[in-house]
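Engineer: Fold the following, please.
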Amino acid sequence: MKTFLFTRMLLLKRHSLSILLWLFMPLILTVVIVHWGNAAAQDAQIPIAIVDEDNSELSQAFIQELQQIDLLTIQLMSKQKALYALEKNQLDSVFIIKRNFEKQLRNNKRDQLIEAYSTNRSYFYFAVKENISSLAQRKAIQAKAAHEVKSLLKKYDSAIHWSFDEIVAQGQKREERYELLTVEFSYFNENESSTPTEKTNLLASWGIWAFFTLISTFYLFDWVIKESNHPVVVRWLQCKVSYTAYFFSTLGIYLFVMLLVDFLTYRIIETQFLWSQVLAIGVFRLCCAALALFVAVHMKITTSYYFITLIFSLLLALIGGSFIPMERLFAKWPLMSELSPIYALLQWDISLVWTVFIVLICMYVYRKESSRFA
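Structural biologist: You can find the predicted model right below:
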């Protein structure tokens, strides 16, 4: 065993730099791309200023709802500072909640509630204005409904005595319960639905990592082609150690190192540690290795191998949902979710089909390599 390890280290010494590069490439590229994507998302947000002259409970609740809009970066400023920042093109637009905002809504008056400022460089002013106007209109309708309910209670001398805020709160509960249109929104790499206040990464980190892991695993397994098709491979007939033992010992070393790097990657990317997720990552790595082995044992030219595996990785990434959510397609055709191991990883699940595939590939490769010098 010591002789084997020493010989293996000598063979790896020449390619140590490229092996380390391919081992850590998925982690490095995932961190860089996700960081870049989040930075781009932050830059794409629209900076606006809100001036709260009323400073009432209703105006503050209105601002909190505005802050839940992901595409807006809202800054609370005084009117003087906000207009100065607008002149310096530091803001896209400025919206001022006028005094008596709450009082006017409570009195069923909806005119001149919000004052807006923009410049000729306020490219998103009209879109932002529509969002703010619709939210303000919603508040006004809620206030009007509250007034109508209060007048009806008074008209019919009802025993129910609700305040303005209680009527608005009851109306909001009924809106949520009896919505005409309900849209369930969630990111495709999340098991739990997102709330409006949660900030979610623009790019799925594990989807990106899975794509690059596929590529790196394929490229790391080029040793199967280089060593099994080399002319000196016939010397294994005179060696004490069989070629099969050498082949699977080398395979075991590669897999052990890959799994260690995957565990390190998980600890870096994820803040919470769950063994079920670690197991899903380990099974995904074994799926990648099985695919790489299956292709490599049937190839003799590394150039063709690199080209085919790159296309194969891209195809599996697209089918698995690394870049585009595929839930609707999989809901219609559930069997399609088993075509790529990436989908199971993104769900933190273990695919039974791919687990059986790993076992079958190991049996197939063992039989094929054992008969090479039999």
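Engineer: helix or strand for residue 252, which one?
Structural biologist: Assigned by DSSP states H and E, residue 252 belongs to helix 243-269.
Engineer: Look through this protein and tell me its longest helix.
Structural biologist: The residue-count maximum for a helix in the chain (DSSP state H) belongs to helix 125-155.
Engineer: Please state the offset of that helix from the chain centre?
Structural biologist: Helix 125-155 has its C-alpha centroid displaced from the chain centroid by 36 Å (CA atoms, centre = their mean, to the nearest Å).
Engineer: Check stretch 260-279 too.
Structural biologist: Relative to its chain's centre, stretch 260-279 lies at 16 Å (CA atoms, centre = their mean).
Engineer: Regarding it, how distant is the last residue from the first?
Structural biologist: By CA to CA, to the nearest Å, the extent of stretch 260-279 from end to end equals 13 Å.
Engineer: Number the residues from 256 up from this point.
Structural biologist: Got it, first residue is 256 now, which makes that one stretch 515-534.
Engineer: I'd like the average pLDDT over it.
Structural biologist: Mean pLDDT, stretch 515-534: 91.
Engineer: picking up where we left off before, which neighbouring elements make contact with the helix holding residue 507?
Structural biologist: Helix 498-524 sits against helix 257-268, helix 271-299, helix 460-475, helix 478-483, helix 530-551, helix 607-625, with contacts defined as 3 or more CB pairs under 8 Å, 6 or more residues apart in numbering; DSSP states H and E. Bear in mind the C-beta positions are built from the backbone N, C-alpha and C, glycine included.
Engineer: For residue 544, list the residues it contacts.
Structural biologist: Contacts for residue 544 were tallied using CB atoms under 8 Å, 6 or more residues apart in numbering; they are 472, 476, 506, 509-510, 513.
Engineer: Can you find which strand in the chain contains the most residues?
Structural biologist: The single longest strand within the chain, with elements called by DSSP state E, is strand 301-307.
Engineer: Extract the C-alpha set from it and format it as PDB.
Structural biologist: Output of strand 301-307 as PDB, limited to C-alpha atoms (Å, rounded to 0.1, in the frame of the first residue of the first chain):
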ATOM      1  CA  ILE A 301     -34.000  52.200  -7.800                       C
ATOM      2  CA  PRO A 302     -32.900  54.800  -5.200                       C
ATOM      3  CA  ILE A 303     -35.700  57.000  -4.000                       C
ATOM      4  CA  ALA A 304     -36.300  59.200  -1.000                       C
ATOM      5  CA  ILE A 305     -39.300  59.400   1.200                       C
ATOM      6  CA  VAL A 306     -40.000  62.500   3.300                       C
ATOM      7  CA  ASP A 307     -42.500  61.800   6.100                       C
END
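Engineer: Give the other helices and strands that the helix or strand following it contacts.
Structural biologist: Where DSSP H and E defines the elements, the next helix or strand beyond strand 301-307 is helix 312-322. Other elements packing on helix 312-322 under the criterion 3+ CB pairs under 8 Å, 6+ apart are strand 301-307, strand 327-331, strand 348-352, helix 356-361, helix 380-410.
Engineer: ranking those by burial, who's on top?
Structural biologist: Comparing the helices and strands packed on helix 312-322 by mean neighbour count (mean count of other CB atoms under 10 Å), strand 348-352 ranks first with a mean of 23.
Engineer: how near is residue 612 to residue 624?
Structural biologist: Residue 612 sits 18 Å away from residue 624, going by CB to CB, to the nearest Å.
Engineer: more crowded one of the two?
Structural biologist: residue 624 (21 against 18; other CB atoms under 10 Å).
Engineer: Might you report the residue contacts of that one?
Structural biologist: Applying CB under 8 Å, 6+ apart to residue 624 gives the contacts 483, 498-499, 502-503, 552.
Engineer: now residue 336
Structural biologist: Residues near residue 336 by CB under 8 Å, 6+ apart: residue 304.
Engineer: what is the orientation angle of the helix holding residue 507 with helix 530-551?
Structural biologist: Going by axes from the mean of the first three to the mean of the last three CA atoms, to 10 degrees, helix 498-524 is angled at 140 degrees with respect to helix 530-551.
Engineer: Could I get the buried residue list for helix 498-524?
Structural biologist: 498-499, 501-503, 505-506, 509, 513-514, 516-517, 520-521 (16 or more other CB atoms under 10 Å).
Engineer: and which of the residues you listed is nearest to residue 318?
Structural biologist: residue 521 (39.0 Å; CB to CB).
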